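1. prediction below, plus the sequence it came from.
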Amino acid sequence: MSDDTPDSLIPYDEIVQEALRAVVGRVLGQIVANGGMLPGDHHFYITFKTSAPGVAIPPHLKERFPDEMTIVLQNKFWDLGVDDGSFTVGLSFNQIPTKLVIPFSAITAFVDPAVDFGLQFQAAAPEPEPHDSAENDAPASDGEKADDGSNVVTVDFGRKK
């Protein structure tokens, strides 16, 4: 047998991440089914990427937390809702009621300290923002010397051979 592990053509990591995020959805769904009441001493710390696709938070929170934010669902939250891909919740920030929409794919951590339970997730990569073309992307005109590519360095981070 070989010590080299072959690259998988099945995205096991993505499948596992998706399944674990479904755990968060199921737990929050049970809270909704329980009338929005947390049982016993349970409470949740949920960390998510604020710039992930589908996240809807007010601009002042986005400005304050440009990358990541942690919310606590414990005593004062309302209108918790769960669907297949996200959850919504009402929280107060500086005594201002706010509704948040958070896709499960944006969550990077879920912790219930009451029972010492926690999950860590890989963040879904946000889509790159559109940008203007670089000045050097245009083909060389007749009067300019064409670049022969001799200053290009190729690095291969591909599969093990």
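-> Nice, thanks for sending it over. Owing to the predicted nature of the structure, the values given are computational and were not obtained by experimental measurement.
2. mind jotting down where the helices sit in the protein?
-> Ranges of helices in the chain, per DSSP state H, are 12-33, 59-64.
3. got CSV for those, with distance to A109 too?
-> To be clear about C-beta, it is placed using only N, CA and C from the backbone, and glycine gets the same treatment. CSV is the format used below for these (distance: least, CB to CB, whole Å):
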stretch, distance to A109
helix 12-33, 10
helix 59-64, 18
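4. what's the closest of those to T50?
-> helix 59-64 (5.6 Å; CB to CB).
5. average pLDDT for the closest one?
-> Average pLDDT, helix 59-64: 93.
6. flag every buried residue along that helix.
-> For helix 59-64, burial by neighbour count (16 or more other CB atoms under 10 Å) applies to L61.
7. circling back: out of the helices of the chain, which is the most enclosed?
-> helix 12-33 (a mean of 14; mean count of other CB atoms under 10 Å).
8. which elements pack onto it?
-> strand 78-82, strand 107-112, strand 117-120 (3 or more CB pairs under 8 Å, 6 or more residues apart in numbering; DSSP states H and E).
9. now with 10 Å?
-> strand 44-49, strand 78-82, strand 86-93, strand 107-112, strand 117-120 (3 or more CB pairs under 10 Å, 6 or more residues apart in numbering; DSSP states H and E).
10. quick one: closest of those strands to R26.
-> When these are compared by CB to CB, strand 78-82 sits nearest R26, at 8.7 Å.
11. centre of the chain to the closest one, how far?
-> Strand 78-82 sits 19 Å away from the centroid of its parent chain (CA atoms, centre = their mean, to the nearest Å).
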